[in-house]
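K.L.:
kindly return the folded structure for what I paste below:
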Amino acid sequence: MVVSLLLVMVLLAGCTLFGKKEGTAKIAVKLSDGTPILSADVRLVEGSKEITKGTTNAQGIVELSAKPGSYKVEVKIEAVNQLVTAEDEVAIESTKTTTKDVVVQDLARLDVDFVGKYDVELTVATAVLKDGKDLEVAKSDVSKISFLLKPGTYSIEASADGEKVETFEIAVTAGGNSKKLSLPVAVRTNAAKGKMYRMLKLPREEYPDSGSELTDGAIPGNGFRADGWVGTWGQGEGQAQGVWWQVLVVDLGAEQEVIETRLYNLRSEDVGILTIKGVTVALSSDGVEWEVFDKVDYTFSGTPEVHTVVYELPEDARGRFVAFFINQSSNWLFLGEIEIDVAVGGEEAVEGDIQAIDLTSIFEIEN
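P.N.:
Model (predicted):
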């Protein structure tokens, strides 16, 4: 009995000696309109001594544990071109969680989303934030950016693809500010993959086409014996000697804004397979009326056997059907893949049938 009494006395003395159990301060750092501030540095200070510290999460909250008592809450925020501070007080009770809001006045958050043509989100955009004196105060290279800054008027110079620049003037008020800025830039995708196509001059029996070779997304390797090459002759009935050409049409399945085409072409001079020397492109929405664009000539040199023949369309060129008139340098034409870049989001359903297209009527063909 005496021993038990002594043990109780020792335990009670221990509680007094070591103090009460800790409590928690749940601190939410906010702007004047309640917008949370993430990545703010928060300290609990007693006198001049730092007791504990932490960083706010995406909800602007940090939880700090300390012994019961009253503490100063010190907040530091890295804003654009300056360090912003705020202070408050919090009382912590043993084993309890105390909630405390720290409101930062005269500060703003600017969230900007960049979109391209057809309101499609850009994957990458470069933004330079400038103040009223046209001084660069921040720069970002992502399509979604967020700045903490003082209220005021700013300008953003934004670009994508490294060439198209737009300048936007933005009035920023205290609290949260969200802006969606549109750039005249298209997000591209290869719309030819998996699509149907036709050739006027059919593949040679020894280098056949299953009907999907040229739009299967695979670029063949070097050498005409490599899998995936489709071989045709450019010489046709009634053509003059030394005049070689091919007509090819791809059905994109819907009207699209066509930006660029790429033909993958084999050159193997030792067996008389030469690269394409000219390409004319035409677009049509219905397969009947065609807009024919200028011919582009090509000169290839060097050692690569697989050449990429690139044709850039004028801005805002549209069509469901993409036709190629290919001027050949020799009778043999070996194609491995067709890629057609279109603007994502610009598709429009239209009627059309690739099988009904007269391939001889698209271009003015001189034999």
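
K.L.:
and residue 109, how far is that from residue 352?
P.N.:
Separation of residue 109 from residue 352 (CB to CB, to the nearest Å) stands at 49 Å. Placement of C-beta: from N, CA and C, glycine included.

K.L.:
and what of residue 212?
P.N.:
For residue 212, the distance to residue 352 - CB to CB - is 19 Å.

K.L.:
before we move on, what about residue 115?
P.N.:
For residue 115 relative to residue 352 (CB to CB), the value is 30 Å.

K.L.:
paired strands for the helix or strand containing residue 165, with orientation please.
P.N.:
Taking DSSP states H and E as the definition, residue 165 sits inside strand 164-172. Strand 164-172 has its sheet partners listed here by DSSP bridges as strand 152-160 (antiparallel).

K.L.:
list the buried residues in the partner strand.
P.N.:
154, 156, 158-160 (16 or more other CB atoms under 10 Å).

K.L.:
as TSV, the residues you listed with pLDDT and distance to residue 304 would be great.
P.N.:
Formatted as TSV, these follow (pLDDT from 0 to 100; distance: CB to CB, whole Å):
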residue	pLDDT	distance to residue 304
154	92	48
156	89	42
158	87	37
159	83	32
160	81	30
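
K.L.:
among those, which one sits closest to residue 143?
P.N.:
residue 160 (8.4 Å; CB to CB).

K.L.:
residue contacts, the closest one?
P.N.:
114, 116, 122, 124-126, 183, 185 (CB atoms under 8 Å, 6 or more residues apart in numbering).

K.L.:
what is the lowest-pLDDT residue among the residues you listed?
P.N.:
Lowest in pLDDT among these is residue 124, which has 79.

K.L.:
any idea how far the closest residue to that residue other than its chain neighbours is from residue 56?
P.N.:
Leaving aside its sequence neighbours, residue 124 sits nearest to residue 143 (CB to CB, 6 or more residues apart in numbering; 6.0 Å). For residue 143, the distance to residue 56 equals 24 Å [CB to CB].

K.L.:
more neighbours: the two, which one.
P.N.:
residue 56 (23 against 20; other CB atoms under 10 Å).

K.L.:
now do the buried residues in stretch 313-326.
P.N.:
313, 317-326.

K.L.:
can you redo those residues as JSON lines with distance to residue 269, pLDDT and secondary structure?
P.N.:
Below are these laid out as JSON lines (distance: CB to CB, whole Å; pLDDT from 0 to 100; DSSP: H, G, I helix; E, B strand; the rest coil):
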{"residue": "313", "distance to residue 269": "31", "pLDDT": "98", "secondary structure": "coil"}
{"residue": "317", "distance to residue 269": "34", "pLDDT": "98", "secondary structure": "coil"}
{"residue": "318", "distance to residue 269": "38", "pLDDT": "98", "secondary structure": "strand"}
{"residue": "319", "distance to residue 269": "35", "pLDDT": "98", "secondary structure": "strand"}
{"residue": "320", "distance to residue 269": "37", "pLDDT": "98", "secondary structure": "strand"}
{"residue": "321", "distance to residue 269": "33", "pLDDT": "98", "secondary structure": "strand"}
{"residue": "322", "distance to residue 269": "29", "pLDDT": "98", "secondary structure": "strand"}
{"residue": "323", "distance to residue 269": "28", "pLDDT": "98", "secondary structure": "strand"}
{"residue": "324", "distance to residue 269": "23", "pLDDT": "98", "secondary structure": "strand"}
{"residue": "325", "distance to residue 269": "24", "pLDDT": "97", "secondary structure": "strand"}
{"residue": "326", "distance to residue 269": "18", "pLDDT": "97", "secondary structure": "strand"}
